[in-house]
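# Quick one: sequence plus predicted model below, questions after.
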Amino acid sequence: VNLDKYVCQAVYGYMPSSVHNAIVDARTDDPAKFHVVSDGRYERFQEKIIDRFQDWVRPEVDLLPFPYRYPTMGSEEAIREIMTYLREVENADRIYTLRGEYEGYKAVAGTRGLPTVALDFYELLAAPPGFLFLSNPSARDGNVLSNTDLNQLAARHKTILDLAYLGTAPLDKPIDTSHAYAVLTSFSKPFGMFYYRIGFAFARTEIPSLWANKKWFKSVPALTAASAVIQHVDRRTLLADMKRRQTLACATIKDETGVMLTPSDSFLLAHAHPETLAWYDDDLAQHLAEFRRADTLRMCLTPTFESQRTG
Ligand SMILES: Cc1ncc(COP(=O)(O)O)c(C=O)c1O
């Protein structure tokens, strides 16, 4: 069985036709749209887009309390610059994560000279106060952390809440950001716009190394595409459609490979308990074991979505 046809370890995203069509209609492929730049017309270009974005995500998260807002290249650029800020301004000597988190935290922290301490939930509550990078829905298994858990962690550590998966999972209640130090968002995962590199970062204080992103260092064509998606894509319809595709993808994988996966809250992911490895022959078990992170096996369903693309 070739599992790579169905699942991958890195998490990308899937661009549904509603997103595709909104971007086509925005005509970002016409350079004439972006010829004139010297009159400063693009210096505040993102402001209205971020206003609309805040309205659009309002049922899922309230971002209005954050006075400093930056366009970023996905959430990754915000992770880089916030880590630099923590090291240089806040004198951080480490960052915390949950075990099994997005590996980019450790990779970027390493390039800033910051060690990463990965702990489980209760260990984090007992650790000396510091800075915590926390994804929600969680990159560990694609499931949503409760506001109770979130607030317990945020009461202990200054928490950088990474909402890269926002829009990919149904929520019982809006995510509580009242204790967050900063909040990061991205268009990569919910809309399959990974290579457009679009995100917005929200902070309570100025992050000096992101300041110039507002004025100059942003992709206006990519922001134009993002703006079209905000105006023309209905988040609830997209989520319902992708949750159906996720169920279908897991059923296809079971039928065609025999591998039984549990759909995560996030439509992009599925997971399984490591004990289920015993159900499969050695080759398959060995391949599946490569998906292990902390106490779960986690996989991205993007390859199955792409092969089942209709229209
Ligand atoms: C939790 C989390 N945050 C951030 C990122 C960075 O992605 P992007 O910069 O495309 O938003 C990823 C990508 O895998 C991720 O899983």
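Right, received. Where do you want to start?
# Is the helix or strand where residue 271 lies positioned near the ligand?
Secondary structure from DSSP states H and E places residue 271 in strand 269-272. No. Against the ligand, strand 269-272 shows no contacts by Cβ under 6 Å from any ligand atom, the least distance being 9.9 Å. (Glycine included, C-beta is placed from N, CA and C.)
# Buried residues, whichever helix or strand comes after that strand. List them.
Sequence order places helix 282-289 as the next helix or strand after strand 269-272, per DSSP H and E. By 16 or more other Cβ atoms under 10 Å, the buried positions in helix 282-289 come out as 284, 287, 288.
# contacts for helix 282-289?
Helix 282-289 is contacted from outside by 1, 3, 257, 258, 259, 272, 274, 277, 278, 280, 297, using Cβ atoms under 8 Å, 6 or more residues apart in numbering.
# got the contact list for the closest residue to the ligand within the chain?
Across the chain, the shortest distance to the ligand (Cβ to the nearest ligand atom) belongs to residue 74, at 2.3 Å. By Cβ under 8 Å, 6+ apart, residue 74 lies in contact with 164, 186, 187, 188, 194, 197, 198, 199.
# Redo those as a markdown table? Include distance to the ligand and neighbour count.
As requested, those are exported to a markdown table (distance: Cβ to the nearest ligand atom, whole Å; neighbours: other Cβ atoms under 10 Å):
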| residue | distance to the ligand | neighbour count |
| --- | --- | --- |
| 164 | 4 | 28 |
| 186 | 3 | 28 |
| 187 | 8 | 26 |
| 188 | 3 | 23 |
| 194 | 6 | 19 |
| 197 | 7 | 18 |
| 198 | 8 | 26 |
| 199 | 5 | 24 |
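# Show me those that map onto helices.
Using DSSP state H, residue 188 are the members of these that sit in helices.
# Quick check: the two most widely separated of the contacts of helix 282-289?
Spatial extent of the contacts of helix 282-289 (Cβ to Cβ) is set by the pair 1 and 274 at 18.7 Å.
# circling back: what helices or strands is the strand holding residue 271 leaning on?
helix 235-257, strand 262-263, strand 296-300 (3 or more Cβ pairs under 8 Å, 6 or more residues apart in numbering; DSSP states H and E).
# Of the ones you listed, which stretch is the most buried?
Stretch with highest mean neighbour count among those: strand 296-300 (a mean of 23; mean count of other Cβ atoms under 10 Å).
# The helix or strand following it: which residues count as buried?
Next helix or strand after strand 296-300 toward the C-terminus (DSSP H and E): helix 302-307. Buried residues in helix 302-307, defined by neighbour count with 16+ other Cβ under 10 Å: 302, 303, 304, 305.
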